[in-house]
Structures are given as C-alpha cells and as structure tokens.
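J.: A predicted structure for the sequence below; I have some questions about it.
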Amino acid sequence: MDLTWSRADEDFRAGARSWLEANVPRPALPSGDTSEGFARHLEWERHLFENRWSVVSWPEEYGGRGASLWQWLIFEEEYYRAGAPQRVTQNGIFLLAPTVFEFGTPEQQQRILPRMAAAEDLWCQGWSEPGAGSDLAGITSRAEPVDGGWALTGQKIWTTRGAFCTHLFGLFRTDPDSTRHRGLTYFLVPLDAPGVTVRGFGRLDGDEGFAEVFFDGVVVAEEAVLGGVGQGWSVAMATTGSERGLTLRSPGRFSAVVTRLVDLARRSADPGGHPDPLLADQVVRGWMEAEAYRLFTLQAVTALAGGARPGAESSLNKIWWSELDIHLHETALALRGDAAELDDAWMRGFEFSLSGPIYAGTNEIQRNIAAERLLGLPRS
Amino acid sequence: MDLTWSRADEDFRAGARSWLEANVPRPALPSGDTSEGFARHLEWERHLFENRWSVVSWPEEYGGRGASLWQWLIFEEEYYRAGAPQRVTQNGIFLLAPTVFEFGTPEQQQRILPRMAAAEDLWCQGWSEPGAGSDLAGITSRAEPVDGGWALTGQKIWTTRGAFCTHLFGLFRTDPDSTRHRGLTYFLVPLDAPGVTVRGFGRLDGDEGFAEVFFDGVVVAEEAVLGGVGQGWSVAMATTGSERGLTLRSPGRFSAVVTRLVDLARRSADPGGHPDPLLADQVVRGWMEAEAYRLFTLQAVTALAGGARPGAESSLNKIWWSELDIHLHETALALRGDAAELDDAWMRGFEFSLSGPIYAGTNEIQRNIAAERLLGLPRS
Amino acid sequence: MFFGFDEDQIAVKEAVGALLDKRAGLTVLQQAWSDPAGPAAWAVWPDLADMGVQGLLAPESAGGSDLGWVTMTLVLSEAGRVALPLPLAETAAIGVPLLVSAGDPAGVLGSLVAGRAVVTVASGIGEADSGERPRAPAASRADWFVLGDRLYGRDDVVLRPVASVDATRDLAEVEALGEGLVVGSPLEFGALAAAAVLVGLGRALVSTTVDYVKDRHQFGVPVGSFQAVKHQLADAAMHVEFAAPAVWAAAWEMDQRGGDVGNIGEVARSVSLAKALASDAAERAARTALQCHGAMGYTDDYHLHLWLKRVWCLSPAFGSARWHRRRVGVDMGLHG
Amino acid sequence: MFFGFDEDQIAVKEAVGALLDKRAGLTVLQQAWSDPAGPAAWAVWPDLADMGVQGLLAPESAGGSDLGWVTMTLVLSEAGRVALPLPLAETAAIGVPLLVSAGDPAGVLGSLVAGRAVVTVASGIGEADSGERPRAPAASRADWFVLGDRLYGRDDVVLRPVASVDATRDLAEVEALGEGLVVGSPLEFGALAAAAVLVGLGRALVSTTVDYVKDRHQFGVPVGSFQAVKHQLADAAMHVEFAAPAVWAAAWEMDQRGGDVGNIGEVARSVSLAKALASDAAERAARTALQCHGAMGYTDDYHLHLWLKRVWCLSPAFGSARWHRRRVGVDMGLHG
C-alpha cells in the first residue's frame, strides 16, 4: 500500500493545475444545456483539445497524452477544483469512446475518435425509448437491411443535449423476430441524415437539456454498425458499465462540492460564529462520504491498473455518488434557510443531483444488480 | 372536532390513575418472560381482574366495565404512565378475545372469556411454523377428523411465552388437499392435552420468551373449532387485523417512553446543561412521532366509534409504531454513550423494539398491504 | 372527544375543491408559470371570495364567516392539492387573522374578504439570517406586505423581482420605506397555513405517482408492481397521513384560543409539530414522486415539477422541520 | 499510488483467518458466552501469539514483527468476522503500541507479545460523561488496565463485574487505586482498531444474511428474491465496502507516522473518518441482518445475536460515529 503520488504524477498535477488556473473562463459559462451556452462551451472544449487536455488518457495519435488512469483521476480532480466548465462532450468521450476503443474497427477509430476529441463531432446517446427506460431490452426502434446499409425507424427519448449534437449512438433492433436483449445492434448515426427529426424539450430546471429523436427510414452505411450485427446488447453493456462506473463521476467532482459546502456553512454561521450543529454534522457527513468515495475509487483504480475488469461493484459506486450528490445539495439548501428557493447555483445543483438516482440505470436497478451479481441473491 | 375529554372520561381517568398509583408494584416486577417473573406477573394480572381493571372494555358479565374505546385508550395511557407491568395475558386478551367475541358461540364465549380475563387460562398464539412465518398461508400442521373431534399433528414455533401458557389458539389444515389459505381451521387447544410437547427457548435478550409446540395426534373436541371448519383464514385475519391495529400498541405506551427519554436527555447534559444538540433533535423527533401516533389513533378511534371497520391503514399504524419504538430506544442508547452496552432497561427495551418490524407480519409485508390495499397498486 | 370533521367543514372543503378543479386546474397552473400575475392565474380569486374563502377567519362584521382554522386548513390543503399559484394562505390565513387581531388598523379587512385586495408575507422568518433580503411571493399583485410584525402598503415598499425555482411564486425582494403598522408576527399563522398546504401537496404527489406507476410498464409489468416502488410509496403515504392529523389538531387548538395573537404562544408547540411533520412528509413525497416517475418527472413537459417546486419553496418557509424541532427542544429545556 | 495489499499482508491475514476458523469457531464463541474467562474461550490466545499477532506492532527487539497497522487492521477485521471473544484489539492494537511509544515503562512488552499477559482498556473515552464508572472488557483475565492515559497493574485496580448485553465481553467496572504509569491516550489506536473489527463484523453479518435468505423460502420462493430484501442487503454491503477503504487508509497513515503517540494528532481526521463510517455501516448491517432473518435472528438458539451484540458494544466504543463527525467538524471550524 502506498497512498503517495509519484513524482511524475505530481508533475502532471502541477501542469494541469497551472494551465487550468490560467485558462478556465471567468466568470463561469452559462449552462451548456441552452443553445447559447452550448456554443460557448464548444469554444472551451476546442481550447482544451488544442492544448491536449481534452482526452488526457487517450493515445497521443487521437489527441490525448497517453496518461495513466491515475493521471486521469488527477486531471479530473484539478478540473473540478478549478471550477472548469461542465464537459458538454462527455457522452461521447466517456460513454461512446471506450466502446469504440474496444469494439471499433481501425477505420472507425480513426474516423470517430479524433473528431470527437476535437469537439468537431458531438455525440449524444440514444438509449431510452418511450416504452424502454430502465428496461433497455424493451427497445422497439428497428433497423432494416437495405442496399449497402440499414434503414432506421423509431423514436429515442431523454437524449441529453440531443438538440445540440451532430451524431447519435444507439441501439436498434436488427432481428425483427427477436425479443428482449437479443437481436439488437449498436449504430452510429449522423443527426443530419435525411429522415432524422430532433425535438428538444425542457428539463426540470428549465434548461432545454433533453431531446426526442425520431427516425423515419434513416439510411446509414454498413460502417455505422459498431461491434457486429446482433451484438448490440453486449456492446452496449460495456458502455453502460462505463457510464455507471468511474468515468462520469470522478471523486474530484464531489470533493469540489464539499469544499464549496464547507465554505457556505462557515458563511451561514449564527452570531456565535458557527452554523446549526445539525447542519455542521451533515456537512461533515458529506465530507466523509466524499472521502469514502475517493478512497473506494482509488482502490478500484488500483485493481484496474492491476488488470482487473470493472465489475458489478460499479453499481455500488453509482448508488453511492448519486446519493452523496443529493445529500451535499440538500445540506446546502438547508443552510440557505428559506432563501433555498432562489433559483441559484445551489438550487440548480440540487435539481441536477436529483437526476442521479434516475439516469444511467435507476438506483433500484443498481440495487438489483448489486444484490444479484455481487451478493449472489436469486433473481426475482 | 372536539379534542377535549368528556366529564365521564375524565372521571374514568382519575379513577384509573388513583387505583394504579396505589397498586402498581414497586419495584418493578422481573421480566414476565422468565418462569419466576411470569408467576409474579400472574399475581398482578389476577389483582387487576379482581379490581375489574383487567379488561375494561369487555362487558361486565365477563369481568369488564363495558368501557368505551375512548376509555380503553385512557386506561392504557394511564397504565403505561404508571409504569405498570407488561401484560403477560395480552395475546389472549388482545388477539384471541376479539375473535371470540366476533366468531365464538355463546358456549365458547362463556367458557373462554371469563377465565381468560381472570388469568386462569393463559393463551398463546400458534401461528408461525418453521416453514411459514410471514407467509401464514404456508401452514402444514394438520387436523384430521376423529370420533367426536379432531386429531392435531404438526409443529408451531415462535410462540411467545408458550412455555408458561395453558392454552394455544392456532391454525391447522383440515382439508388435506387444500393449498395456501384455503382449507384452514382455527382451533383452541389446551396445552395439557396428551400429545402436546412444549419446548421453550431464548430470545435475543436472553429471556426464555419463545416456545416451539409439537402436536402428535392431539385429540380435541368439536367445540375446539372457532368460527367454522375451513373458515380459519378469514377468522385469523380478523385476529391479525386486531394484532396489527390499535390494540397491542396503544399510544400511551410510546408517550411513556418519550417521557423517560426526555428525562434521560436532561440527565445526559454536558457541563453547559444541555445534551448534544443532535440528540436533542432526535428526542424531539421522537416526541413528534409519538404525538403523531397519538393523533392518528384518535382519528382512527373516532372513525371506529362512528361505525367504521379497521382497514388497511392498520398496516401504516404498525410500521409507524414499530419504527418509532426503535427510534426512541436508539436515541436513548446514543444518549448513554458507550455505557449503552450495559444490559439495562434501555438496552432491553432496544432489543425488544427490534422485534417490532418482524412480528405480527413483517414491515415488508405491511408495506405491501398498504401499497396494494390503500394505494391500489398492482400485486407483484 | 371527536377527531373528525363536521358536515359544514366537509361541505366547504368539497365546494372549494370543486371550484379549484374547475377554475384552477392544470392549464391555469401552466399559464401561471409563464405569467404568474396574469389574468388567467388570477381568475379564480374573486370566485374564491364569492365562496367566502378569504373570509373564513374574519368576523361577520367584516363580511366573513368566522368558520375558523379547522375549515381554513382543510381548504388550504385543497389549494395544495391543485398547487394553486395564488397567495391564498398569505391573504386568508395570515393577513386576515393578523388584521382581525390588530383591530384592522388600516381598515382593509373588508376589501381582503371581498377579494378586492391581496396580502403577501415576506420570508426570513424562523431561520438564522441567511444574508439575503426578505422576499415575498405574489409581489406584482399584492396590495399589502407583511414584513416582520408590520404591515406596509404597496407605496411603502420597494420591490426587486428575483427568480424563485417556482416561477408561479412571482417573487420579489421587499424593502420597506416607512414605519408600517404593527400587526404582530405572522409566524404561527404562516407555519400552520404552510403545513396545511404541504399536506395537500404531499397527498397530490402520492396520488399522481400512484396513477403513473400503475400505468407505466417496464420489464413487461407495471412499474407499480415492483416492491421497491410499492414500499417507497407506502412510506410516503404513511408520512403524509400521519402529518395530516397534526395539522387538524393544531388548527383546532388555534380555534380554541380564538386565533388571538396575544396568547398564541400556547399553540406554538402544536404548530411546530404540524409544520415539522408536514415539511418532512412533503419533502419525502416529492423525492419519492420524482424517483418513481423516472425521467418523466424530470422534464418540464410534464406537470410533476410544479408540485415538486412548490414543496421546495414551502418546506423551509415559516421555519423548516429542523427549526421547529429546535423550537420545541428549547421549550423542553433541551437546548441552550 | 497503490491502494492494495502486498503479498505478506494477505498471507498474514489468511493465516490468522484460517487459525481463527479452526480454533475460534462458533462452538468456541458459544462457550465464551457462558464462560468468557474460561479455557475454551482463551485456547486460541497462545496460538495467536505463536503466529505473531500480538506482536504485529512491536519491534523485533521485543519479539515483535513490526509489520504495522495495515496488517494489524486486516487481522482485526478477521477477528471481527468470527466475533472473536478476546481482547485482541486491546492488547495488540492498543496496549502494545502505547507501551512501545512510552518506552515500555513497566517492562511488560515481551510478555504481551508472547501471549503471556493481557491488556484491557476502560471505556469512557470520546463521549460526554454518562455518569457511569469506567468499564473494561476481559476484566477477569486482564493483567494490565489502561484507564485514561495511564496503565495500572491488576493489583492496582478494584473490579466490580457488570453485565454487558454481550456476555462474552466479561465486563467490569474498574476503579484505579494508585497513580499508574503514563502511557498516553488510547483513543486513536482504539478507534482505529474498533473500526477494523466493525468492518469484519459488518461483512460477516452481510454474508451470513445472504446465505440465510438464499435458503429460507416464503411464499414459495427464496426470501432473497424479494426486492425489499435485496435492496436492504445491497445497501448494507455498500456501506460496509465503502467503510473498509477508509480503515485501510487510516492504518496506512498511522504507519507513516510510525504509530508515534506524539504526533498522532495528524492522523486524527483519518481515524475519525474510519470509525464513523465503520460504526454506521456495522449498525446498518446489524439492523438489516436481523430484519432479513426475521424471527430466526431474534432467538438466542441461533448465532446471529452474537454478532449483533458485538456491534452494539463496539459501535459507540472509542467514540460513536456522531462523536467522530463532531471532532472533524470542530477541526473544520464548524463547531464552537
């Protein structure tokens, strides 16, 4: 056991920190889930890419630095610490890219990854359908073979930032006689293809963060298939593992919130100089849960670095960070007293935190997975 | 709406209070779940009966006072307030008796009720079996017709105070071809009948509070059937409604614990004269939940007094009081610091409180019932 | 002892409920979201006055019915049920009884009861100083502003609109210019009124969610057949149903004291009980409702968010659950 | 950065685990319940010493191995797994390092390491004064008693047996007669050691319960197939597995400081993190285990209660979760 960082890792941290301090936009950008904000975020993403901070863990040929998992964690910690903008490219970089690295042909990797890293192609996820949310295997959107490719028909929903993206990755049923998770195929679809209609709509917090995407006989080439016809479920599960696991929620994200929360608590003090002891306790609890998350992640990355594959413990990970995120924001609102109702960053953060136990597989699904795959309890 | 007590009710309260103050044994009796303690409790029960405080709500002909539901509530409040002994006769009085009043023949009522009120016959409940706990319909103990009656064979378990009682009421399968809740019959069985074996065993808290009861061709008369052959399930459900409902857990029980808890909190004060603010908050939360329980009960009794039947809201009742009881005792142990481990009345109370969410239908079952019958959600 | 409602109380509740369903339904609420001071949102206000709602706590001499707090809280829970985007609690359950108690120093009771004038009440009660300025809802339409224990006319305040998470709140910071009229603290009335609204909101959240999960299918079965969903909803329903009697009991006690601000301290513990239970129950119901709706609850295309946001505004208003528990703890001698 | 165990650490853990399974299994534990100071309960003590367990934190000069706290906490979690009814934490993880740090003033380190002498530690650390006298476990067999920051020999204390909920504790009130030897506060060592034991107890409670609910059928299916049971167990497992890394990290930090009492304040925050998470997780695991066992868990015929009661004793020992959160809060400037 050695919980110190190597000299190389410390140097990497110092480099990231100084670049971020010099470059993070002030004041903070408007929300990336509005069309105006999204454009500002794209500028930032391209600036990141030009300085090779966009995808630090990718090979250099695709625009990365070939950084280790440890360095990726360090970068994330510094990124959140610096209060840098939310990554509007994250669905491509963190969800699709690992799948392309694992299942893509060399041609696909060359075509897709550099443009993704550069924020030239902007990818959104087409998983959910009106009748298939937590139950992905209920997908009914279909792909029918046509000359030289496939024709896609159906509807996707809850596509985050779908109205601003250029491409979609999603599951379609290629075997019309199949049911459940068999007969699905993973497709990569340009959203400017004829037959695609995108309708943006609002989230709880008022931002236009969601979209419905309609496919009406949209023709794509054979090369639009990722990982083999009929293999969509296992390919998607790899991506889902990624979404639920380390990538979306680096510990630095929550440590940064804790820092702001402690600061808020100090400013919310009574005339005696201290906040309500009950809320102080909740703040410390938040710090402890964020620390536990950081340590659990270090343990998991140690295992990954030793060659292990991500497993069902990523379900525990997702339950933990999503409940932690809500706890931190609830505590902040409690500290705000009846000013909590103001539509400010804490309230926005609270609203966003409430989506944590819902998206990427509800926490109910995650508890089923943890119980069945980690504990070995029987399926219902 | 009128939340004041009538003059008659106030007089009843005064009478109960002064009798209890003069008669409640000091110091408190040893646990009624040991053989020595049980004998002492029986003396108390008989003293109660002789003064007509044993079954206040029963008709006078059976030893009661014909008191209203309101007066019963008042009596319970005073009983717990006075710190009077736990009722070792409660399984008969509160679980069997309502069923006998509703389903018993006049002969059965005359034979059973006065001796129960007088603590001459001591009744225990034979519901659970090794393979049928929360799932009562899984009962396999059987009753076979013989000349002039029935022969009982099988095993009951978790029979509270079974080792000290004289009679058992329980369900046996009279139709050998039946499954689930059909074909069951409700029997009343003397435990001194040939073929009955009772083995007492210990509870978590070390008291010998449980028993297994074995039936090996135990012959009982036709009059041992309560409510008709094959009607056992619906007759038992009436009793179960009673167990889950008002009767076992009168609000006075928890109000009395709250009073002791507030006192403990005052004595657990730091040098500044106040307990840890977090624990003070938990004490107040306990008071609030006990008050809510009291008010919910007053509302329910108002409805019953107006002719309503107890419904599925008794499931909410049971979840509430059982979680409240644990909360109160957990708060007390937290106030005790690391002295919590001492085997004293608070620890004993805590251990007993943990049985609340388990017995009389686990809280998981109660939540199913509430969801399905009160909210109308579909069965799984 | 009779812990139920009499026929008149039930009749008033049902009449108001029917009026709200007819004239303040979902369409009106959605219009209020984009234009909270607009005519669509306010159309039901005179109808409510015609039905006597604003005068439930006013004496007959001022055109009221003096039916009292039990009826008032029943009506406010109906307002919560439909998430009524109007300052009914502020006007009918705070402004009116404060003015009655203060002897109507501004001579406006009649206009409030008649639905011709509107009272709002500024925040900042019952919490440690958050460093924010006092804020009041319905600011564009209010004629009278309660700040602290004083009443100010519209000409005696400066308003600066600020955004609430609930756009129907029509929120503004309020700065008083003059001395105002002393009318007494709105805390007890406000806490009890908010508790009643929260019970209505909580019940509506539970029943809306029950309807949704019966209908929504995943894995080939209704979502509502999963134990994880059932148990969350059973718990939410339980907490709301155990909060409700505390609200009615506090209302009854308020009526026993004649709603007199002078001896209102005697009902403070009951009011704290009601508000603490109602705030916690409504917050739990909101969280459960959102989780059981899944992504559907997370879009502003669907109406659930209107109820959620109202809960988030009212749960801390007039003292959070924690604040009220602390107040009781102080009363019990458990806090310094 | 490497947050894992090396081969030696794993080898020690597995060897001790195997020894405990063989020589301190359920039968021994049940014998300890009726006779905690008896030979059956204590038979494994010299075996542990032979394996070097009591000397894990002692220098080689005293016959120890100086393997450090990471190994120590791994071993203590094994002791928790089998609910070992002996004062291993008190002797090996408190007594030994206190004496090492104090320069072994009583000259007893060798006998502790060799398994010939036993240390126990009195309660009353880390909580407001409860009005109770200090109490120590294993009182009948202990040779040395840590009270406050001092060490007393058996002849310098008066013992009065008192009943713990966990009869294997062999608890007695301890009154010191003499001055004792100053050895330093056992708080940090005790809290970290208790946290490690609690992780082992918590893991055992989860796995025992998983086995039970796979086997136990109700309504025609295994109880463990119900979502309500699955979700409770998933949560319990999650909390234990998120507490464990905090324990190892605090142990690593303790090793970095050389376990020196002089600068132990630097690890206090990590120790509080470990103890708070472990206490909360083990209490949750205990509650879940009992609920999922139903009545079976509620009888002393079945062994579950032995683990539950140990958790109830150790969760508040050396500071409850709440106490440790408060200590961190004070350190953060959030409490007065």
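T.: Received the coordinates, thanks.
J.: the domain parsing of chain A - what is it?
T.: What automatic domain parsing lists as the domains of chain A is A:7-88, A:123-230, A:245-374.
J.: Need the CA coordinates for whichever strand or helix holds C:A18. PDB is fine.
T.: In this assignment (DSSP states H and E), C:A18 forms part of helix C:7-23. Provided in PDB are the C-alpha atoms of helix C:7-23 (Å, rounded to 0.1, in the frame of the first residue of the first chain):
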ATOM      1  CA  GLU C   7     -70.700  18.300   7.800                       C
ATOM      2  CA  ASP C   8     -70.200  22.000   7.300                       C
ATOM      3  CA  GLN C   9     -66.500  21.700   7.300                       C
ATOM      4  CA  ILE C  10     -66.600  18.900   4.800                       C
ATOM      5  CA  ALA C  11     -69.100  20.800   2.600                       C
ATOM      6  CA  VAL C  12     -66.900  23.900   2.500                       C
ATOM      7  CA  LYS C  13     -63.900  21.700   1.600                       C
ATOM      8  CA  GLU C  14     -65.700  19.900  -1.200                       C
ATOM      9  CA  ALA C  15     -67.200  23.100  -2.600                       C
ATOM     10  CA  VAL C  16     -63.800  24.800  -2.700                       C
ATOM     11  CA  GLY C  17     -62.200  21.700  -4.100                       C
ATOM     12  CA  ALA C  18     -64.700  21.500  -6.900                       C
ATOM     13  CA  LEU C  19     -64.200  25.200  -7.700                       C
ATOM     14  CA  LEU C  20     -60.500  24.800  -7.900                       C
ATOM     15  CA  ASP C  21     -60.700  21.700 -10.100                       C
ATOM     16  CA  LYS C  22     -63.000  23.600 -12.400                       C
ATOM     17  CA  ARG C  23     -61.300  27.000 -12.400                       C
END
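J.: So which elements touch that helix?
T.: helix C:44-50, helix C:69-81 (3 or more CB pairs under 8 Å, 6 or more residues apart in numbering or on different chains; DSSP states H and E). C-beta coordinates here come from the backbone N, C-alpha and C atoms, glycine included.
J.: Of the ones you listed, which is nearest B:Q108?
T.: Nearest of the helices and strands packed on helix C:7-23 to B:Q108, taken as CB to CB: helix C:69-81 at 45.1 Å.
J.: what residues does the closest one touch?
T.: Residues lying outside helix C:69-81 but in contact with it, judged by CB atoms under 8 Å, 6 or more residues apart in numbering or on different chains, are B:1, C:5, C:8-10, C:12-13, C:16-17, C:20, C:53, C:56-57, C:86, C:88-89, C:92-93, C:192-193, C:195-204, C:244, C:247-248, C:250-252, C:254-255, C:259, C:310.
J.: Over to stretch C:15-24?
T.: C:43-44, C:47-48, C:51, C:53, C:75, C:78-79, C:81-82, C:84, C:86.
J.: SS state for the nearest residue to A:R348 once chain neighbours are set aside?
T.: Leaving aside its sequence neighbours, A:R348 sits nearest to A:D205 (CB to CB, 6 or more residues apart in numbering or on different chains; 5.7 Å). Per DSSP: H, G, I helix; E, B strand; the rest coil, the local secondary structure of A:D205 is coil.
J.: so where do the strands sit in the stretch 151-300 of chain C?
T.: Under the criterion DSSP state E, counting those that start in this stretch, the stretch 151-300 of chain C contains strands at C:157-161, C:172-176, C:181-182, C:217-218, C:221-222.
J.: got the end-to-end distance for stretch A:216-226?
T.: Distance between the two ends of stretch A:216-226: 21 Å, counting by CA to CA, to the nearest Å.
J.: So for it, mean pLDDT?
T.: On average, the pLDDT along stretch A:216-226 is 96.
J.: do stretch C:201-210 as well
T.: For stretch C:201-210, mean pLDDT rounds to 98.
J.: Dihedrals phi and psi, A:P277?
T.: Note on A:P277: backbone dihedrals following degrees, to the nearest 10 are phi -60, psi -30.
J.: burial of the residue lying closest to it once chain neighbours are set aside, as a residue count?
T.: Closest residue to A:P277 apart from its sequence neighbours, by CB to CB, 6+ apart: B:P277 at 4.2 Å. Neighbour count of B:P277, defined by other CB atoms under 10 Å in any protein chain shown: 20.
J.: which ones are touching B:P277?
T.: Here B:P277 is in contact with A:D276, A:P277, A:L278, C:R326, C:G329, C:H335 (CB under 8 Å, 6+ apart).
J.: For the strands of the stretch 151-300 of chain C, give me a markdown table that also has mean pLDDT, mean neighbour count and distance to A:S18.
T.: Shown next, in a markdown table, are those (pLDDT from 0 to 100; neighbours: other CB atoms under 10 Å in any protein chain shown; distance: least, CB to CB, whole Å):
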| stretch | mean pLDDT | mean neighbour count | distance to A:S18 |
| --- | --- | --- | --- |
| strand C:157-161 | 97 | 15 | 41 |
| strand C:172-176 | 96 | 20 | 41 |
| strand C:181-182 | 96 | 16 | 60 |
| strand C:217-218 | 90 | 18 | 49 |
| strand C:221-222 | 94 | 15 | 55 |
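J.: Of the ones you listed, which is nearest chain B?
T.: Proximity to chain B (CB to the nearest CB) singles out strand C:221-222 among the strands of the stretch 151-300 of chain C, at 5.1 Å.
J.: So which elements touch the closest one?
T.: helix C:187-215.
J.: Just checking the helix it packs on against chain B, any contact.
T.: Yes: using CB under 8 Å from any CB of the partner chain, we find that helix C:187-215 touches chain B at C:V206, C:V210, C:V213, C:K214.
J.: Let's see the pLDDT reported for the last one.
T.: Read it as C:K214. Note for C:K214: predicted pLDDT of 96.
J.: Surely it is in contact with C:P222?
T.: Yes: here C:K214 reaches C:P222: they are 5.6 Å apart, a contact under CB atoms under 8 Å.
J.: count of neighbours near the closest residue to chain C within the stretch 251-380 of chain A?
T.: Proximity of the stretch 251-380 of chain A to chain C (CB to the nearest CB) peaks at A:G337, 3.2 Å away. Counted by other CB under 10 Å, the residues lying close to A:G337 total 25.
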